[in-house]
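Student: After the sequence you'll find the predicted model.
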Amino acid sequence: MSILEAIDKIDAYSSDFEDGETFYYDSKSFDATMMQFIVIGEMIDKLDENFKRENPQVAWVKIITAPTKYLNV
């Protein structure tokens, strides 16, 4: 799976909801979406460090740690 495929899955799992609260309480969709964020973080963590340094405009650390932030609410 690629990062773009995970993003597409996030969009598919979450786009039909009218608001965040409804989405949150649909545990299957919410959990599936959170799993894709975890997958993205893991894939980004494995990217070459030189690539990350060459692209400082991307908040790599925030992307990698985002799932943990949301899961510990």
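Tutor: Perfect, thanks for sending it. Numbering: from 1, shown residues only.
Student: so residue 40 sits right up against residue 5, yeah?
Tutor: No - with contact defined as C-beta atoms under 8 Å, residue 40 does not reach residue 5; the gap is 9.9 Å. Backbone N, C-alpha and C define where each C-beta goes, glycine included.
Student: Compare these two (neighbour count), which wins?
Tutor: Counted by other C-beta atoms under 10 Å, residue 40 and residue 5 do not tie: residue 40 has more neighbours, with 23 against 13.
Student: any idea which helix or strand carries the more buried one?
Tutor: helix 27-45 (DSSP states H and E).
Student: Just the buried positions in that helix, please.
Tutor: Under the neighbour-count criterion of 16 or more other C-beta atoms under 10 Å, helix 27-45 has 29-30, 33-34, 36-41, 43-44 buried.
Student: Following the chain onward from it, which element is next?
Tutor: helix 49-54.
Student: Show residues contacting that following helix.
Tutor: 58, 60 (C-beta atoms under 8 Å, 6 or more residues apart in numbering).
Student: make it 10 Å
Tutor: 44-45, 48, 58, 60-61 (C-beta atoms under 10 Å, 6 or more residues apart in numbering).
Student: What of stretch 4-18?
Tutor: Residues contacting stretch 4-18 (C-beta under 10 Å, 6+ apart): 1-2, 20, 22-26, 28-43.
Student: got it, and stretch 29-46?
Tutor: If you take C-beta under 10 Å, 6+ apart as the criterion, stretch 29-46 is touched by 1-17, 20, 22-24, 26, 51-52, 58, 60-71.
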